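Participant: Sequence first, then the predicted structure, then my questions.
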Amino acid sequence: MTASPRRIGLGSRRVQWVTLALAAATTTMAADLDIAWDDSGRFERRLTLAPGAFAEACGALRKGQLIAWSFKADGPLNFNIHYHEDQQLVVPENHDGAANAIGKLAVGADQVHCWMWTNKSSATVKLAIALAR
């Protein structure tokens, strides 16, 4: 059974904190990736995240699509899948301090969805991302 996505109003303290954290992270290093599916319907990347840095892979998805996703890292990362709907941030998946995770996203809305990893540690972390539609 899949948990309902969390909806966070854009005026909430959590969103304000996330916005400040993202602004601070952009000064260290960020990887903004556009999801470009290959001929077999896959998107894969390997990245290195400096301490305080984040990576975000975003792409337009259609309601009803099923996206299999996984990641492996050699250190803990904060991870979420999110999209924006009107004045709310919708977070269907969230893991803090995870070195790996696997799942399937049943897309519930025609929106740009983002997979995001943040390195809150003081060490560099290597990350491998895999998405499949």
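Facilitator: That came in fine, so what should we check first? Not measured: the values here are computed from a predicted model.

Participant: okay, and for this protein, where does confidence drop off?
Facilitator: 1-4, 6-29 (pLDDT under 70).

Participant: Would you state the helices of it in chain order?
Facilitator: 13-26 (DSSP state H).

Participant: which residue sits farthest out from the middle of it?
Facilitator: residue 39 (22.7 Å; C-alpha atoms, centre = their mean).

Participant: Distance-wise, check residue 48 relative to residue 31.
Facilitator: 9 Å (C-beta to C-beta, to the nearest Å). (Glycine included, C-beta is placed from N, CA and C.)

Participant: what do you get for residue 94?
Facilitator: 19 Å.

Participant: cool, and residue 78?
Facilitator: In terms of C-beta to C-beta, residue 78 sits 15 Å off from residue 31.

Participant: same thing with residue 83?
Facilitator: 19 Å.

Participant: Looking at those two, which one has more neighbours?
Facilitator: For residue 83 versus residue 31, neighbours defined as other C-beta atoms under 10 Å are more numerous around residue 83 (21 against 15).

Participant: isn't that one right next to residue 112, touching?
Facilitator: Yes: using C-beta atoms under 8 Å, residue 83 is in contact with residue 112, at 6.2 Å.
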